[in-house]
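A.B. asks: sequence below, structure please.
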Amino acid sequence: MENENKLSEIDPNRQYTQTLGDQVNNIEQEARMILPGIQTLFGFQLMVGFSPGFKTYITFDERYVHLASLLLVAISGLLTMAPAAYHRQANHQISKHFVRISSRFITLALAPLAVGTCLDVYLVTRIMGESVNLAQIVSVSLFLLYLVIWFIYPQIRGKRIKRLPTHVLPEDTNL
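C.D. replies: Below you'll find the predicted structure:
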């Protein structure tokens, strides 16, 4: 009950400070949310590449599109797991540097994931719709959506939030 009262005191329009431990915990949770999707997509990409009928549906050049998509998704997985590898080999220390580099790795992982996904969507749309033009429209539209939601909007919102004063969370509040 007491914790509920403290949560009700928190203004959703305010910016609150986080401890270094909380920041690292958030990074860990973000990586845990992203990684299973990357691994699943990568697994499907590998399976499709070895399926007998796959080569009959795509052109020789489109095989390289699929390979590029596969490599981009692999790079995305690599970048998503980089903070854990770094932390494991850096004596398990947390610091502002660790938070900064981990955030960059995870943010960078989104770019190849978006492009790799769009390339695969291009191939699937081209095969199903039997139209290069439709496939281009769909994949470029999806890429623009990724760009806006994953990169442009957070940058705009982040600039607004930076101007807000920071406040300390009430004691013993777990968000």
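
A.B. asks: longest helix anywhere in the chain?
C.D. replies: helix 96-129 (DSSP state H).

A.B. asks: pLDDT of it, averaged?
C.D. replies: Averaging pLDDT along helix 96-129 gives 95.

A.B. asks: need the next SSE after it, C-terminal direction.
C.D. replies: helix 132-146 (DSSP states H and E).

A.B. asks: center of the protein, which residue is that?
C.D. replies: Leu110 (4.0 Å; CA atoms, centre = their mean).

A.B. asks: so what angle separates the directions of the longest helix of the chain and helix 132-146?
C.D. replies: Helix 96-129 and helix 132-146 are oriented at 160 degrees to each other (axes from the mean of the first three to the mean of the last three CA atoms, to 10 degrees).

A.B. asks: which elements pack onto helix 96-129?
C.D. replies: Applying 3 or more CB pairs under 8 Å, 6 or more residues apart in numbering; DSSP states H and E, one finds that helix 96-129 makes contact with helix 20-50, helix 60-89, helix 132-146. Bear in mind the C-beta positions are built from the backbone N, C-alpha and C, glycine included.

A.B. asks: worst average pLDDT in those?
C.D. replies: Minimum mean pLDDT among these: helix 20-50, a mean of 91.

A.B. asks: returning to what we had before: ok now do the residue nearest to the centre of the chain, which residues does it touch?
C.D. replies: 76, 146, 150-151 (CB atoms under 8 Å, 6 or more residues apart in numbering).

A.B. asks: from those residues, which would you call buried?
C.D. replies: Buried subset of the contacts of Leu110 (neighbour count, 16 or more other CB atoms under 10 Å): 76, 146.

A.B. asks: need the contacts of Leu110 in a markdown table (columns: distance to Gly37).
C.D. replies: A markdown table is the format used below for those (distance: CB to CB, whole Å):
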| residue | distance to Gly37 |
| --- | --- |
| Ser76 | 10 |
| Tyr146 | 13 |
| Trp150 | 13 |
| Phe151 | 18 |
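
A.B. asks: relative to Val132, which of the contacts of Leu110 is nearest.
C.D. replies: Val132 has its nearest neighbour among these in Tyr146, at 20.9 Å by CB to CB.

A.B. asks: verify the stated contact: the closest one with Cys118.
C.D. replies: Yes - taking CB atoms under 8 Å as the definition, Tyr146 is a contact partner of Cys118 at 7.2 Å.

A.B. asks: coming back round to it: can you give me the angle the longest helix of the chain makes with helix 60-89?
C.D. replies: Going by the same axes, to 10 degrees, helix 96-129 makes 160 degrees with helix 60-89.
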